[in-house]
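**Q** Need coordinates for the following:
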Amino acid sequence: MAATELNILPARGQKGRGAVSNIDGRFERHSHQAIDDGWLGTLMEDQDAPRTKTTLGIDGARSVITKNQSPDVPFDRSINPYRGCEHGCVYCFARPTHAYLGLSPGLDFETKLFWKPEAASLLRKQLSSKSYHPEPIVIGTSTDPYQPVDREKKLTRDIIRVLADCQHPFSLITKSALVTRDIDLIAPMANLNRASVAVSVTSLDHRLSNLLEPRASAPHRRLEAIRKLSDAGITVTVLAAPIIPGLNDMEIEKIAAACADAGASSISHIVLRLPLEIADLFEEWLSAHYPNRKEKVMSLIRQMRGGERYQSEFGNRMRGTGPVADLIAHRFALARKKYGLTGRSLDLDCSGFKRPSADGQMSLF
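**A** Prediction:
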């Protein structure tokens, strides 16, 4: 059969997963496509897509603190206890990192996970170095530290305990209500202005949230988590991210109002980013779940990105440019003022840091 006659089967999404396909990573020498031989397509019409199970491997990293020099973020160091994320957010900007492992940024990213079992001891070792200078550490910048696997592994709790023992300031970023499990460790640090939490709220629409972030906490659970954290004296900021014009931008004011009512102190936003493989994954997702909106959504995205699907320049990648991006930013500024969401979450106190010894003991001086 000539190549032009091949009937390529469309990608089929799985219930509970964000990515529709398992596209090849950008470093792979070969690409793979499913071809209909005249029989398979007919059989597939009557069957659900096979479920992909989650696996957990070991990340043998020798350190856990990652440094960055990005002018787009107000911190220079972070910790990610896991690689890959079972929440399955189709828009996740960290998806392309799985290509470095020879895996797909698609389904592999949310089903083939890796954890750092020695993270707590490695962290203590890094903090014990005489050359280490404390600045706020943000936990969960690339993948969620409270994704489902952490219910069993409790790796994030172990990391927080080390930071609390050392009185090292930290902030957490999550879209999971599981964060409330660790209030007993976070609150005492927050009371000393040495801890804060950022909760991601993308939509209050349960259907949209379930499709965008299939294994993350439902919107009402996140609002409950904000309330519990706030009631415990923990500063909570809200990340309305990503804002996708034509899909969730009509919720900006509702999200701000609901989060303020739950006790959040501030709100910030990031417009949708589509670097590398994520652009194709997101377009597949739109075709599968919102085909009637796809053309409009992609048009609005290009209007924020100089006619392209993405711009990677510092200063523009988080906010976009042009009238659409400006309007989104203006609406957030008004909502921030209206609901009193003007606080800051990373003005944390570093003065109480107690350097541990390599064996975990605290220094007397």
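
**Q** does R319 really touch L272, like I thought?
**A** No. Using CB atoms under 8 Å, R319 makes no contact with L272, being 11.1 Å away. Just so you know, the C-beta spots here come from the backbone N, C-alpha and C atoms, and that holds for glycine as well.

**Q** higher neighbour count, these two?
**A** Neighbours were counted for R319 and for L272 using other CB atoms under 10 Å; L272 has more, 24 against 17.

**Q** Assign G246 to helix, strand or coil.
**A** Following DSSP: H, G, I helix; E, B strand; the rest coil, the label given to G246 is coil.

**Q** ok now do the residue nearest to it when sequence neighbours are not counted, which residues does it touch?
**A** Computed as CB to CB, 6 or more residues apart in numbering, the closest residue to G246 that is not its neighbour in sequence is V297, at 4.1 Å. Contacts for V297 (CB atoms under 8 Å, 6 or more residues apart in numbering) come out as I244, P245, G246, L247, L286, Y290.

**Q** buried sites along the strand or helix carrying A335?
**A** Element membership of A335 [criterion: DSSP states H and E] is helix 323-338. In terms of neighbour count (16 or more other CB atoms under 10 Å), helix 323-338 has its buried residues at V324, A325, I328, R331, F332, A335, R336.

**Q** Now do the residue nearest to G246 against I159, distance only.
**A** Remark: distance between V297 and I159 (CB to CB, to the nearest Å) = 37 Å.

**Q** and the residue nearest to G246, that one's in a helix?
**A** Yes. Per three-state DSSP, V297 lies within a helix segment.

**Q** Among the buried residues of helix 323-338, which one sits closest to V197?
**A** Using CB to CB, R336 is the member of the buried residues of helix 323-338 that sits closest to V197, with 18.3 Å.

**Q** That closest one and G343 touch, don't they?
**A** No. Here R336 lies out of contact with G343, judged by CB under 8 Å, at a distance of 9.8 Å.

**Q** so what's in contact with those two at the same time?
**A** S266.

**Q** Kindly reformat the contacts of V297 as JSON lines containing neighbour count, pLDDT and distance to T54.
**A** What follows is those, written out as JSON lines (neighbours: other CB atoms under 10 Å; pLDDT from 0 to 100; distance: CB to CB, whole Å):
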{"residue": "I244", "neighbour count": "21", "pLDDT": "98", "distance to T54": "26"}
{"residue": "P245", "neighbour count": "22", "pLDDT": "98", "distance to T54": "32"}
{"residue": "G246", "neighbour count": "18", "pLDDT": "98", "distance to T54": "32"}
{"residue": "L247", "neighbour count": "23", "pLDDT": "98", "distance to T54": "27"}
{"residue": "L286", "neighbour count": "22", "pLDDT": "97", "distance to T54": "25"}
{"residue": "Y290", "neighbour count": "15", "pLDDT": "97", "distance to T54": "26"}
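
**Q** Can you pull the poorly scored residue ranges out of the stretch 51-200 of the chain?
**A** Applying pLDDT under 70 to the stretch 51-200 of the chain picks out no residues at all.

**Q** again, 90 this time
**A** Applying pLDDT under 90 to the stretch 51-200 of the chain picks out residues 51-52, 60-62, 68-75.

**Q** can you give me the strands in it?
**A** Along the stretch 51-200 of the chain, the segments classed as strands by DSSP state E, counting those that start in this stretch run 55-58, 65-67, 77-79, 82-83, 112-115, 137-139, 170-174, 195-200.

**Q** list the buried ones in the first one?
**A** By that I understand strand 55-58. Going by neighbour count (16+ other CB under 10 Å), nothing in strand 55-58 comes out as buried.

**Q** From the contact counts, what lies against that strand?
**A** Where contact means 3 or more CB pairs under 8 Å, 6 or more residues apart in numbering; DSSP states H and E, strand 55-58 is packed against strand 112-115.

**Q** swap in the last one?
**A** In terms of contact count using 3+ CB pairs under 8 Å, 6+ apart, strand 195-200 is assigned the packing partners strand 170-174, helix 183-191, helix 219-231, strand 235-243.
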